[in-house]
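Visitor: Here is the input, now give the coordinates:
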Amino acid sequence: MGLFKKPPQLFNANGKERRVGVEIEFAKMDLQTATEVIHRLFGGKIVPISAFELKVVETDFGEFRIVLDSALVRENAYKKVLGGWGINFSHETRTNFEGLVTRVSNTIVPYEIITPPIPISQMNMLERLREALHLGNAYGTKASPFSAFGLHFNPESPTLTDANLLLNYLRAYVLMHEWLLKIGNIDFKRRISPFIDHFENDYILYVLNPGYQPDMRQLIRDYIYFNPTRHRALDMLPLFAAIDKDAMNDYELDKMLIKARPTFHYRLPNSMLDQSGWRIATEWNRWVLIESLAYNPHLICELTQEFLNSKAQSFDKLNGHWLGLINRSIKILEKEVSY
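Guide: This is a model prediction of the structure:
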């Protein structure tokens, strides 16, 4: 696997190698150029969808999408908005609007490359893509004072039936969140944006309670009750929608924004394409540590008890001590992972 570490469980419940979809947000490089980069690296065929979306299909890995990351333009919602303002949507209006949006995208609204699901053992191809984008002067999180661009991983879940394992994923992430913020040097613009909000403290205490042992339906319902939003650094809604579609119908959720898929949606890392030392593998390997902790219930229990016994009831109140505990735990977990 090269630079990319293997998770403790490489295969899904059907015995097939798990796959990972990746979303890379960037600016400065335009849509056409980014599409040509992908075409040059992976072959296939370029298919125009709109002024704000292109695809590269029939590559060795599957279909890549390159889009302007705004629902307003990706779903042509701007036509309805302009019509509501009494603006005649002529060719000239469309051209002027699309030109304006393209200019704004260089500072605020990112372009986004959405990869096909990639087998974990073939993730090295992502560094080829990262290097080509870097050499093409694509910018990431530091593109402007207003940009809050990120790198998202969508790792296929190893299970769709084991509620205890999925609960341990949630616990592992909660326990490691402060460490991930620090070690990943998560940009301030991203921290104050709503897109990577952490779980509220009441939910953190709820899932860390040692007596909390829900079945799958209860785990999903509790998650939605406390988190009726996509704005979480670890967003479980797409996975839970794939597991139990009926549970989603019982709550007030914007279902148009929830595409059921059997994956976690981890969106915490920065996108630092313009920095020569940055690697996608580094961010992935931190996710693997979350998975490794999820598969180590004894260590989860130790860390949970340490937190609960502190009576701080909030990680930011024991930050220095807590980060030291996590650093020691990381050394244990790193012995368990391999390339």
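Visitor: From here on, just use CA atoms for contacts and neighbour counts.
Guide: Noted.
Visitor: Next one: residue 1, what pLDDT does it get?
Guide: As predicted, residue 1 sits at a pLDDT of 47.
Visitor: Residue 313 too?
Guide: For residue 313, the pLDDT comes out at 67.
Visitor: Counting by contacts, list what the helix or strand harbouring residue 289 packs against.
Guide: Assigned by DSSP states H and E, residue 289 belongs to helix 280-294. Counting contacts by 3 or more C-alpha pairs under 8 Å, 6 or more residues apart in numbering; DSSP states H and E, helix 280-294 is packed against helix 125-135, helix 163-183, helix 297-310, helix 319-334.
Visitor: Now it: buried residues?
Guide: Within helix 280-294, the residues that count as buried by 16 or more other C-alpha atoms under 10 Å are 280-281, 283-294.
Visitor: Save those as JSON lines, and put in pLDDT too.
Guide: Below are those laid out as JSON lines (pLDDT from 0 to 100):
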{"residue": "280", "pLDDT": "98"}
{"residue": "281", "pLDDT": "98"}
{"residue": "283", "pLDDT": "98"}
{"residue": "284", "pLDDT": "98"}
{"residue": "285", "pLDDT": "97"}
{"residue": "286", "pLDDT": "97"}
{"residue": "287", "pLDDT": "98"}
{"residue": "288", "pLDDT": "98"}
{"residue": "289", "pLDDT": "97"}
{"residue": "290", "pLDDT": "98"}
{"residue": "291", "pLDDT": "98"}
{"residue": "292", "pLDDT": "97"}
{"residue": "293", "pLDDT": "98"}
{"residue": "294", "pLDDT": "98"}
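Visitor: of these, closest to residue 222?
Guide: Comparing these against residue 222 with C-alpha to C-alpha places residue 294 closest, at 19.2 Å.
Visitor: ok, the closest one - contacts?
Guide: 165, 168-172, 300 (C-alpha atoms under 8 Å, 6 or more residues apart in numbering).
Visitor: same question, residue 243
Guide: By C-alpha under 8 Å, 6+ apart, the contact list for residue 243 reads 160-161, 262.
Visitor: looking at the helices and strands packed on helix 280-294, which is buried most?
Guide: Mean neighbour count (mean count of other C-alpha atoms under 10 Å) peaks for helix 163-183 among these, with a mean of 20.
Visitor: Please enumerate residues in contact with the helix or strand following that one?
Guide: Scanning forward in sequence from helix 163-183 by DSSP H and E, the next helix or strand is helix 188-192. For helix 188-192, the surrounding residues in contact (C-alpha under 8 Å, 6+ apart) are 145-149, 196-197, 270.
Visitor: Which one (most neighbours) among those residues?
Guide: Of all the contacts of helix 188-192, the highest neighbour tally under other C-alpha atoms under 10 Å goes to residue 149, namely 30 neighbours.
Visitor: Excluding chain neighbours, what is closest to that one?
Guide: residue 141 (4.6 Å; C-alpha to C-alpha, 6 or more residues apart in numbering).
Visitor: can you confirm the one you found is in a helix?
Guide: No: under DSSP: H, G, I helix; E, B strand; the rest coil, residue 141 sits outside any helix and is assigned coil.
Visitor: Surely it and residue 270 touch.
Guide: Yes: with contact taken as C-alpha atoms under 8 Å, residue 141 and residue 270 are classed as touching, separated by 6.0 Å.
Visitor: Mutual contacts of those two, please.
Guide: Taking C-alpha under 8 Å, 6+ apart as the criterion, residue 141 and residue 270 both touch 149-150, 187.
Visitor: any idea how far stretch 121-140 is from the chain center?
Guide: 17 Å (C-alpha atoms, centre = their mean, to the nearest Å).
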